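[1] build me a model:
(chains A and B)
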There are 2 protein chains.
Amino acid sequence: MARIVQKFGGTSVGDLDRIRQVAQKVRSCVDAGNQVAVVVSAMAGTTNQLVEWAKQIGPMHDAREYDTIVSTGEQVTVGLLSIALQNIGVDARSWLGWQIPIKTDEVHSTARIEEIKAHDIIERLEKGQVAVVAGFQGIAPDGRISTLGRGGSDTSAVALAAAIKADRCDIYTDVDGVYTTDPRIMSKARKLDYITFEEMLEMASAGARVLQTRSVAMAMRHRVNLQVLSSFNDTPGTLVQNEEKQMEKQKVSGIAYSAEEAKVTVVGLPDKPGIAARIFGVLSELNINVDMIVQSASVNLQKTDITFSLARLDLSKAVTSIANLKDELAFERLVHDDNIAKISVIGTAMRTQPGIAKCMFEVLSEKKINMQVISTSEIKISVLIQADYAELAVRSLHDAFGLDTSD
Amino acid sequence: MARIVQKFGGTSVGDLDRIRQVAQKVRSCVDAGNQVAVVVSAMAGTTNQLVEWAKQIGPMHDAREYDTIVSTGEQVTVGLLSIALQNIGVDARSWLGWQIPIKTDEVHSTARIEEIKAHDIIERLEKGQVAVVAGFQGIAPDGRISTLGRGGSDTSAVALAAAIKADRCDIYTDVDGVYTTDPRIMSKARKLDYITFEEMLEMASAGARVLQTRSVAMAMRHRVNLQVLSSFNDTPGTLVQNEEKQMEKQKVSGIAYSAEEAKVTVVGLPDKPGIAARIFGVLSELNINVDMIVQSASVNLQKTDITFSLARLDLSKAVTSIANLKDELAFERLVHDDNIAKISVIGTAMRTQPGIAKCMFEVLSEKKINMQVISTSEIKISVLIQADYAELAVRSLHDAFGLDTSD
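    Numbers count the residues shown, from 1 in each chain, chains lettered A, B, ... in the order given. You can find the predicted model right below:
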């Protein structure tokens, strides 16, 4: 017997038939003797429609009213799933954010969960009732509905799992786990049985869209065992857990990539303090997320170059705003490239096994793929390359690190 | 300066453009120096869709989950209208049933309002903020969302008007007031400037679908001045108020009719106590509303007939259930007619002016219209006739009582 949180996203509850299928999955888990809390998103498409209305009704939108509107999507799903469960003989009731309550901060529309009062839910779980909890929403200090921002239901699920001390938090999605790389470009990609939180975090931020980064970070902090698995079949998924729980360590866990990158280089900057802060300050004010940053050593005395990568979508905004600083910063010129991909090799074993970077660089060099920028963390090496070579790079690295061999 | 509740139904908030129009109406009322609370329904069609889902997901539906689902319609509208108001410079915020709170009894899906804690709203009204309140919903003693049943937003508006001691409650609808009879069948029908609560109650229960009966009864009990007016133009509507406020009394206020009636006669019942209770007990268990009931005097010793009218929709269910009682009640036979209309002449002046019934019967007789059942109250005379003659009867009575002359 275990206490389990199951989370189903918008596609999994996309219509009444799918909601009935979810109810069957929940029942199997209950029949196996578990206490179950379910967290659901809005039916696919619903949230987009609601967001659209909120934006169209007027140019300004009060985030508190926005939250009141968009939170209805999950409210509908929890009611429908509870009825579906009752109809197949499972005792269930719905819980809205304000009913539990899930207390958040006051930042409407991108709120953070501060506390979940799980006493009532735990009492009912122990009596065998399934708790069907609306994801993505909570209640702010002003007594009004708050929402957690896009993808917030993953975060709701993890936070609930922490609050009710669940043995596991199962995230059902439309893929059946975390792969060594994107199976769409590498048919030999292998589903991982285990991955560490840190690796998952790097995978997520490096472009693998299986789990929201925020929810992984929260799971790591609260030591919630996560499992990513498919809502459309019954195969086991990928367990995301603490490093010490993993029996055997892989050299490399996966190759992540993101093809929607761009790169900007500010050439010939005076090499003095405050320049970088000025550039990235301006970008931050425009809400532009900068990913990799490399400052080259001064070749000419007192001159330096700064290169950074960012999402392709943000490129023109970034270039315009930096161009406006030309007189102030006295740089020579601005170079940019919107045809860039980021390839990352990820694995906790890097900490103890040197030579992975060397191996990566050799593979890329053999394929004549030029690395434009290199950036490393304890468990990740990322390089920027021309986007045209992204698939070749992923396949070659996947082969070289032996990821397609079976366990 | 006055304190006013405005209520807008589903058609009035049917899409974003109409919600913007409603916002303009609210602003006009605010600009005229009034304190304004607005009660809104769900966008037309939304509630039907939600009800459909709740029914389709499984044959049993828990009324508490049903309420959770269907109450989202109003939640979306209050958010959208608040944003629309803010965008034209009106300070506004949305209020959900549980936020105020509007406390109801525990009968989910047909709950009754027990108390409205209006303190916070009044405080904000006095500071000039418009309260945008979700109609149709409240919070039950179990802390879960309750709904008031179909048309419940009228009731929400009247209850709110009573709680905040509003000077008037304006019900915006798709007609511009209460007419002497249905303008679709009598082009000379005249809009009434005033009508008493009791007349309005009789009009509503006699088939005029302008206001929900329940909301009129509540307005009468709490002495809330109601006004029915159009959300699509700016002409004054009809004031529904206490009799003593009316300056001049009309002989007859209106002719109401309902063409969707049926009639059942149970012939040859033993004339002994408990028989009627048994028949109407069975119908009541099936949730069949019986309207007029007439028991004829015993002609043959110890035998009697009972005739009653009901909505045509319920006829077959009623006939089947009474037929099942044939052995138990030992009646002779069951006669029914599904082609019946009810015509009602309504006016408080009937109390003091005799002769109205006589006039009504003469008019119908002149037109050779046979009255099958007659029933009277203090301020109403209703007759059942063949449905084919309904329009002729309404027009003739409208003429005879001089309703199409101007004030």
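[2] tally of neighbours for residue A:375?
    16 (other C-beta atoms under 10 Å in any protein chain shown). Backbone N, C-alpha and C define where each C-beta goes, glycine included.
[3] let me see the ranges of the strands in the stretch 151-300 of chain A.
    Assigned by DSSP state E, counting those that start in this stretch, the stretch 151-300 of chain A shows strands spanning A:168-173, A:194-196, A:226-230, A:238-241, A:254-270, A:290-295.
[4] out of those, which gets nearest to chain B?
    Nearest to chain B among the strands of the stretch 151-300 of chain A is strand A:168-173 (18.8 Å), distances taken as C-beta to the nearest C-beta.
[5] wait, what's in contact with residue A:72?
    When contacts are counted by C-beta atoms under 8 Å, 6 or more residues apart in numbering or on different chains, residue A:72 touches A:50, B:72, B:75, B:76.
[6] quickly list the domain ranges of chain A.
    Using automatic domain parsing, the domain parsing of chain A gives A:3-174, A:255-400.
[7] what residues of stretch A:251-261 count as buried?
    Within stretch A:251-261, the residues that count as buried by 16 or more other C-beta atoms under 10 Å in any protein chain shown are A:251, A:252, A:253, A:254, A:255, A:256, A:257, A:258, A:259, A:261.
[8] pipe the strands of the stretch 151-300 of chain A into JSON lines and attach mean pLDDT and distance to residue B:330 per row.
    What follows is the strands of the stretch 151-300 of chain A, written out as JSON lines (pLDDT from 0 to 100; distance: least, C-beta to C-beta, whole Å):
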{"stretch": "strand A:168-173", "mean pLDDT": "94", "distance to residue B:330": "63"}
{"stretch": "strand A:194-196", "mean pLDDT": "90", "distance to residue B:330": "79"}
{"stretch": "strand A:226-230", "mean pLDDT": "93", "distance to residue B:330": "66"}
{"stretch": "strand A:238-241", "mean pLDDT": "91", "distance to residue B:330": "74"}
{"stretch": "strand A:254-270", "mean pLDDT": "90", "distance to residue B:330": "83"}
{"stretch": "strand A:290-295", "mean pLDDT": "84", "distance to residue B:330": "89"}
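[9] okay if I get the buried residues of stretch A:251-261 as CSV plus distance to residue B:149?
    Shown next, in CSV, are the buried residues of stretch A:251-261 (distance: C-beta to C-beta, whole Å):
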residue, distance to residue B:149
A:251, 65
A:252, 62
A:253, 57
A:254, 55
A:255, 59
A:256, 54
A:257, 56
A:258, 53
A:259, 54
A:261, 56
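[10] and residue A:131, what does it touch?
    Counting by C-beta under 8 Å, 6+ apart, residue A:131 makes contact with A:36, A:37, A:38, A:92, A:93, A:95, A:121, A:124, A:125.
[11] cool, and residue A:153?
    By C-beta under 8 Å, 6+ apart, residue A:153 lies in contact with A:7, A:9, A:39, A:40, A:41, A:74, A:135, A:136.
[12] and the third one, that's in a helix?
    What that stands for is residue A:39. No - under DSSP: H, G, I helix; E, B strand; the rest coil, residue A:39 falls outside any helix and is assigned strand.
[13] sketch out the low-pLDDT regions of chain A for me.
    A:206-208, A:244-250, A:297-301, A:405-407 (pLDDT under 70).
[14] what residues does it put near chain B?
    A:16, A:19-20, A:50, A:53-54, A:56-62, A:64-66, A:68-69, A:71-72, A:75-76, A:78-80, A:82-84, A:86-88, A:93-94, A:96, A:98-99, A:143-145 (C-beta under 8 Å from any C-beta of the partner chain).
[15] was I right about residue A:42 contacting residue A:78?
    No - the criterion here is C-beta atoms under 8 Å, and residue A:42 misses it with residue A:78 at 9.9 Å.
[16] number of residues surrounding the closest residue to chain B within the stretch 201-350 of chain A?
    Shortest the stretch 201-350 of chain A-to-chain B distance, computed as C-beta to the nearest C-beta: residue-wise this is residue A:231, at 17.3 Å. Per other C-beta under 10 Å, the neighbour tally for residue A:231 reads 22.
[17] for chain A, which segments count as helices?
    A:16-31, A:46-56, A:63-70, A:72-87, A:119-126, A:152-163, A:197-205, A:213-222, A:275-285, A:315-323, A:326-329, A:356-366, A:390-400 (DSSP state H).
[18] quick one: which of those helices is nearest residue B:388?
    Comparing the helices of chain A against residue B:388 with C-beta to C-beta, the closest turns out to be helix A:16-31 (43.8 Å).
[19] which strands and helices sit next to that closest one?
    strand A:3-8, strand A:35-40, helix A:72-87 (3 or more C-beta pairs under 8 Å, 6 or more residues apart in numbering or on different chains; DSSP states H and E).
[20] distance of the most centrally placed residue in chain A relative to residue A:226?
    With distances taken as C-alpha atoms, centre = their mean, the residue of chain A nearest its centroid is residue A:212 (2.3 Å). According to C-beta to C-beta, to the nearest Å, residue A:212 and residue A:226 sit 11 Å apart.
[21] what sits against residue A:307?
    Contacts of residue A:307 by C-beta under 8 Å, 6+ apart are A:263, A:264, A:265, A:266, A:293, A:294, A:295, A:296, A:372, A:373.
[22] for the residue nearest to it when sequence neighbours are not counted, give the beta-bridge partners.
    Nearest residue to residue A:307, sequence neighbours excluded (C-beta to C-beta, 6 or more residues apart in numbering or on different chains): residue A:265, at 4.4 Å. Beta bridges link residue A:265 to residue A:307, residue A:335 when assigned by DSSP bridges.
[23] can you give me the neighbour number for residue A:265?
    Neighbours of residue A:265 using other C-beta under 10 Å come to 19.
[24] swap in the one 3 residues further on?
    Here the count is done by other C-beta under 10 Å, and residue A:268 has 16 residues near it.
[25] before we move on, what about the one 4 residues further on?
    Residues within reach of residue A:272, counting by other C-beta under 10 Å, total 9.
[26] please apply the same query to residue A:316.
    Residue A:316, neighbours per other C-beta under 10 Å, totals 12.
[27] how far away is it from residue A:259?
    Using C-beta to C-beta, we find residue A:316 at a distance of 18 Å from residue A:259.
[28] ok so, going back, can you tell me which of the helices and strands packed on helix A:16-31 is most buried?
    strand A:35-40 (a mean of 28; mean count of other C-beta atoms under 10 Å in any protein chain shown).
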